[in-house]
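# No letters, just coordinates:
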């Protein structure tokens with residue numbers, strides 16, 4: 001009689017694990033042994049039950065191993081997808097942080113140029129004010145109610161020097177504040193990137 005193996009036998013056979021196919025082949029060989037004239041029927045029947053149990057255990061173990069393999073492959077694919085997603089997000093975050101840094105550097109450079117121009121203006125004004133008092137008047141200073149209303153040159157120079165120092169200190173303070181603000185923003189951007197990396201680097205190992 002013809003052996004009915006059902007539909008899609010070839011696909012089902014090729015999809016089965018190697019251990020399962022080998023078990024089925026062993027069973028077929030065992031059945032073929034029964035058909036030989038020299039076969040001992042009683043001995044074959046006595047061993048058949050144990051052989052079927054062994055074959056069933058082999059099939060179950062083979063499918064269990066296949067399932068574990070498929071689960072592990074799925075976990076690896078999921079982890080690789082998460083790593084790829086994290087790498088893309090990190091690249092976007094780094095690009096954004098770099099834009100912030102570039103903007104801060106550009107603003108800092110603009111502020112530096114403005115402060116340098118301000119310092120030159122202050123220095124020019126100091127020179128101009130100083131030039132006004134470098135020469136003593138050729139005529140005596142007026143006498144108001146017998147009080148000589150006259151300011152000594154060294155007092156004027158001292159006052160101008162104080163003004164110059166104060167303006168330079170104010171300019172230096174402004175520059176220092178700008179530098180500190182730039183460093184603080186740069187540190188905040190770095191901290192934000194570190195927190196983002198730590199938050200998204202914990203992959204789930206739970207198998208589906």
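It's in. These numbers were taken from a predicted model, which means no experiment stands behind them.

# Now do the contacts for the most centrally placed residue in the chain.
In the chain, the C-alpha nearest the mean C-alpha coordinate belongs to residue 90, at 3.4 Å (Cα atoms, centre = their mean). Residues near residue 90 by Cβ atoms under 8 Å, 6 or more residues apart in numbering: 193, 196, 197. From N, CA and C alone the C-beta is placed, and that goes for glycine too.

# secondary structure element for the second one?
Using DSSP states H and E, residue 196 maps to helix 153-200.

# Would you quantify the distance from residue 161 to residue 126?
Remark: distance between residue 161 and residue 126 (Cβ to Cβ, to the nearest Å) = 9 Å.

# between those two, who's got more neighbours?
residue 126 (16 against 12; other Cβ atoms under 10 Å).

# Share the number of residues neighbouring the nearest residue to that one once chain neighbours are set aside, please.
Of all residues not flanking residue 126 in the chain, residue 164 sits nearest, at 4.8 Å (Cβ to Cβ, 6 or more residues apart in numbering). Each residue near residue 164 was counted by other Cβ under 10 Å, and the total is 17.

# And for residue 23?
Here the neighbour count serves as a burial measure; for residue 23 (other Cβ under 10 Å) it reads 20.

# Residue 34 too?
The number of residues packed near residue 34 is 12, by other Cβ under 10 Å.

# Pretty sure it sits against residue 41.
Yes. Because the distance of 7.2 Å satisfies Cβ atoms under 8 Å, residue 34 is recorded as touching residue 41.

# residue ranges with poor pLDDT in the chain?
1-7, 39, 130, 132-154, 201-208 (pLDDT under 70).

# which SSE is the residue nearest to the centre of the chain in?
For residue 90, the element it lies in under DSSP H and E is helix 41-132.

# Please apply the same query to residue 19.
Take DSSP H and E as the rule and residue 19 turns out to sit in helix 18-34.

# and that helix with helix 41-132, angle?
170 degrees (axes from the mean of the first three to the mean of the last three Cα atoms, to 10 degrees).

# Run through the neighbouring helices and strands of helix 18-34.
Using 3 or more Cβ pairs under 8 Å, 6 or more residues apart in numbering; DSSP states H and E as the contact criterion, the elements in contact with helix 18-34 are helix 41-132.

# Can you give me the distance of the residue nearest to residue 126 to residue 119?
From residue 164 to residue 119 the distance is 11 Å (Cβ to Cβ).

# Please apply the same query to residue 23.
The value you get for residue 23 to residue 119, if Cβ to Cβ is used, is 90 Å.

# Stretch 52-65: which residues count as buried?
Of the residues in stretch 52-65, those buried under the neighbour-count criterion (16 or more other Cβ atoms under 10 Å) are 55, 58, 59, 62.

# give me the number of residues near the spatially closest residue to the last one that is not a sequence neighbour?
Taking Cβ to Cβ, 6+ apart, and ignoring the residues beside it in sequence, residue 62 has residue 19 as its nearest neighbour in space, at 3.8 Å. Counted with other Cβ under 10 Å, the burial measure for residue 19 works out to 15 neighbours.
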